[in-house]
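next come a sequence and a model predicted from it.
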Amino acid sequence: MKTLDISKYKLFEPILDFKIGADYIDLHNDFNCIEIKADMQNVILYFLSLSDYNKKVEIKFNNAKIVKTKYELNDKTKYTTLCNFHRGKFENLNHTLYEKNEDGQKYYYLDFFEGQHLEIFAKKAIASPVERND
């Protein structure tokens, strides 16, 4: 299976559209975020194609933790549109901006049209197509 290492994107470079192998993925225009899963090690976002219900993409943040969140799914916001996704800097206690924390994790920002927001520390972020099993 082909994957894309998103953690190699440059600082502040938009990560809304990209290619995985021959497939062009436009997370803003062609996909909706349908699920977010988080455990002690990973954060995974699942995106479903608006035109091909067999096409699903996951963004997996490895060795990750959610730092800030504003995310509530209800009937009106069950499916959400990603508007901003990039790797950025964060401010430490000394009010200095850093690209990585002391564990080598990078900082990611995700904003959704419906108002949801996530900020995540992660060692690695990988995009990959996934098989539909629901």
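Looks like it arrived, so ask away.

with adjacent residues omitted, what lies nearest to Gln41?
Asn63 (6.2 Å; CB to CB, 6 or more residues apart in numbering). The C-beta positions use only the backbone N, C-alpha and C, and glycine is treated the same way.

wait, what's in contact with that neighbour?
Taking CB atoms under 8 Å, 6 or more residues apart in numbering, we find Asn63 in contact with 41-42, 103, 105, 122-124.

what about 10 Å?
41-42, 103-105, 121-124 (CB atoms under 10 Å, 6 or more residues apart in numbering).

for Asp103, see how far away it is.
8 Å (CB to CB, to the nearest Å).

how about the contacts made by the residue nearest the centre of the chain?
Residue closest to the average C-alpha location in the chain (CA atoms, centre = their mean): Ile59, at 5.2 Å. By CB under 10 Å, 6+ apart, the contact set of Ile59 is 4, 6, 15, 25, 27, 33, 36, 43-47, 82, 85, 108, 110, 120, 122, 125-128.

select only the buried ones of these in PyMOL?
Buried subset of the contacts of Ile59, written as a PyMOL selection, criterion 16 or more other CB atoms under 10 Å:
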select buried, resi 4+6+15+25+27+33+36+43+44+45+46+47+82+85+108+110+120+122+125+126+127
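
among the contacts of Ile59, which are in strands?
4, 25, 33, 36, 43-47, 82, 85, 108, 110, 120, 122, 125-128 (DSSP state E).

can you tell me how far the closest residue to Lys55 other than its chain neighbours is from Asp30?
Nearest non-adjacent residue to Lys55, counting by CB to CB, 6+ apart: Ser49, 3.7 Å away. Distance, Ser49 to Asp30, by CB to CB: 6 Å.

residues shared between the contacts of the two?
By CB under 10 Å, 6+ apart, the residues touching both Ser49 and Asp30 are 55, 57.

residues touching Gly104, list them.
Neighbour list for Gly104: 63, 121, 123-124 [criterion: CB under 10 Å, 6+ apart].

how close does it get to Ser51?
From Gly104 to Ser51 the distance is 38 Å (CB to CB).
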